[in-house]
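>>> predicted model, plus sequence, below.
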Amino acid sequence: MRQNIRDFVDAVAQTLPIGEPIYEFGSFRVEGQEEIANLRPLFPGKEYVGCDLRPGPGVDRVLDLHKIDLPDATAGTVLCLDTLEHVEYCHQAVSEMHRILREGGICVLSSVMLFPIHEHPHDFWRFTPDGFRSLLRPFTSSYVGWDGDPRFPHTVVGIGAKGTVDWDAFVARWDANKENDAMRLLNIGAGPKGCPIPPWYHDWEVVRLDIEPANEPDLLMDAMDLDTLEAGQFDAVYGSHMLEHVYTFNLARFLGGVRHVLKADGFCEFRVPNALAACGAAAKAGSLDAFCYQSAAGAITAWDMLYSYLPFQMRYGEPMVHKNGFSPATLQATLEEHGFPLVYSAGLSWDITAIGCLTDLSGEMKRRMNIDYSGTVHPDNGGTDVGAVRQLRPVAELALQPAPGDNSHSSQARAPAAGGRGPNVSGSPGSRRRLRLPVVH
């Protein structure tokens, strides 16, 4: 359950006629969502029946959406939230929900479009607004909406009614809920407009910070001066391939600025080249010219990973040079030592990702980021999870090729705009928590 979906259901509960009993399909509350996925408090005093394919938390009855074992016209209201992507025959499922709904009742749906694969236990579909309109055709009247970019929404919602409904009050309430719940991300070293960010931020308000005017950032400034901004205004700070451009003696100032702009429960996410993997590749080949991976900019060697891509250095000079280097352990330790008491870290082939938290992430954010609650290292990149090397593999085995199609650096090795200054800076680990993150192209 995502917060925007809970807010969507809140708008439904406050503005539309809610008949009883309420049947929720997909009511199983997965680990970490015990509170946010409990929708019963939004319908106080109403008869409420939670249904799912498996017994467990939040489930009153085990029922199959493909063939619901209920008589016709049983339900006053039907909820099916972020569940249809897991249903193999979704038109059949909506037809069954229509069958069990009484006259005058409503069927409330939501699902995802721009969202990572998440198996519970399978993930079959992504929906567009037109897809939901097709699903809701059996109903007398319907409403279809979305959340996020109108051309590429992260969420699609729909309501089908057996009868006539005035949607105006609902739409006004939901729009107000969306405005109040916008999460804010500061993207440091954002680069030109259109540079990708991880999909879990796509429904956030993104503020782009860059030192290069040609990139048209929202904040044109040096990232070393974050402490001059208003304090506590961002839910998260993101930086891809910029932390290696900060000298070690400047890390305290820079990460102090990151903490300054974060809210009390905020977090930062940094992605950097894996210097340990580069050293392993060089040691295995006996040369710093050892090939590591192919990026959109060209072939990347161990030397490029350690010191910055040579053609960019030759063209743009000192600003493109790396001032620092990190292994999975040292990146985690850096964040811990500079005020982030809880750090999740992982290796993505030749990249490292670390998420530094002021407090623990919410269950919803963990689900979005595919953080594995079991602590199991999954072979998401062909067995090249360098983030687990400290515990599982000797250094000699670090020089591994990325899996076919792994272009985790392809969008990162980019040149600054003409005349630009390049990067956006001048000038003891606890037990490690692992996450698995999809490659961002």
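Everything's here; your move. Numbers count the residues shown, from 1 in each chain.

>>> any low-confidence regions in this protein?
Along the chain, segments meeting pLDDT under 70 span 179-181, 347-348, 372-441.

>>> what ranges do the helices span in it?
3-15, 90-100, 129-135, 168-180, 251-261, 275-285, 302-307, 310-316, 328-337, 363-368, 389-392 (DSSP state H).

>>> out of those helices, which gets nearest to L39?
helix 3-15 (5.7 Å; C-beta to C-beta). Bear in mind the C-beta positions are built from the backbone N, C-alpha and C, glycine included.

>>> buried ones in the closest one, by neighbour count?
For helix 3-15, the neighbour count (16 or more other C-beta atoms under 10 Å) marks N4, I5, R6, D7, F8, V9, D10, A11, V12, A13, T15 as buried.

>>> what about the fifth one, distance to V78?
Counting by C-beta to C-beta, to the nearest Å, the gap between F8 and V78 amounts to 15 Å.

>>> now render the helices of the chain as CSV, adding distance to P57.
Compiled in CSV, these are given as follows (distance: least, C-beta to C-beta, whole Å):
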stretch, distance to P57
helix 3-15, 16
helix 90-100, 22
helix 129-135, 28
helix 168-180, 26
helix 251-261, 35
helix 275-285, 40
helix 302-307, 45
helix 310-316, 52
helix 328-337, 32
helix 363-368, 12
helix 389-392, 32
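
>>> please name whichever of those is nearest to P121.
Across the helices of the chain, P121 has its closest neighbour in helix 363-368 (14.6 Å, C-beta to C-beta).

>>> off-centre distance for the closest one?
The chain centroid and the centroid of helix 363-368 are separated by 8 Å under C-alpha atoms, centre = their mean, to the nearest Å.

>>> also stretch 284-299?
30 Å.

>>> list the contacts of the most centrally placed residue in the chain.
Closest residue to the average C-alpha location of the chain: W200 at 1.9 Å, with C-alpha atoms, centre = their mean. By C-beta atoms under 8 Å, 6 or more residues apart in numbering, the contact set of W200 is P116, M365, R368, M369.

>>> among the helices of the chain, which is nearest E24?
When these are compared (using C-beta to C-beta), the closest one is helix 3-15, at 9.5 Å.

>>> relative to helix 168-180, how tilted is that closest one?
150 degrees (axes from the mean of the first three to the mean of the last three C-alpha atoms, to 10 degrees).

>>> what's the domain layout of the chain?
Per the record's domain assignment (automatic domain parsing), the chain is made up of the domains 3-180, 184-434.

>>> one step back: most neighbours among the contacts of W200, please name it.
M369 (24 neighbours; other C-beta atoms under 10 Å).

>>> I'd say H118 and N370 touch.
Yes - using C-beta atoms under 8 Å, H118 is in contact with N370, at 7.4 Å.

>>> can you count the residues close to D168?
D168 is flanked by 9 other residues according to other C-beta under 10 Å.

>>> the stretch 151-300 of the chain: strands as residue ranges?
Counting by DSSP state E, counting those that start in this stretch, one finds strands in the stretch 151-300 of the chain at the ranges 152-161, 184-188, 205-210, 219-220, 234-240, 262-273, 291-295, 298-301.

>>> among those, which comes closest to L255?
For the strands of the stretch 151-300 of the chain, the distance to L255 is smallest for strand 262-273, at 7.9 Å, taking C-beta to C-beta.

>>> and the angle from the closest one to helix 251-261?
140 degrees.

>>> pull strand 262-273 out as PDB, backbone CA atoms only.
The C-alpha atoms that make up strand 262-273 are tabulated as PDB, following Å, rounded to 0.1, in the frame of the first residue of the first chain:
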ATOM      1  CA  LEU A 262      16.800  17.000   5.100                       C
ATOM      2  CA  LYS A 263      13.700  16.700   7.300                       C
ATOM      3  CA  ALA A 264      14.000  14.900  10.600                       C
ATOM      4  CA  ASP A 265      13.000  11.600   9.100                       C
ATOM      5  CA  GLY A 266      14.800  12.100   5.700                       C
ATOM      6  CA  PHE A 267      17.400  10.100   3.900                       C
ATOM      7  CA  CYS A 268      20.100  10.400   1.300                       C
ATOM      8  CA  GLU A 269      21.000   8.100  -1.600                       C
ATOM      9  CA  PHE A 270      24.300   8.200  -3.300                       C
ATOM     10  CA  ARG A 271      25.600   6.100  -6.200                       C
ATOM     11  CA  VAL A 272      29.400   6.000  -6.900                       C
ATOM     12  CA  PRO A 273      31.800   3.900  -8.900                       C
END
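
>>> can you give me the angle that strand makes with strand 291-295?
120 degrees.

>>> tabulate the strands of the stretch 151-300 of the chain (TSV), appending mean neighbour count.
Shown next, in TSV, are the strands of the stretch 151-300 of the chain (neighbours: other C-beta atoms under 10 Å):
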stretch	mean neighbour count
strand 152-161	22
strand 184-188	24
strand 205-210	20
strand 219-220	16
strand 234-240	24
strand 262-273	22
strand 291-295	19
strand 298-301	17
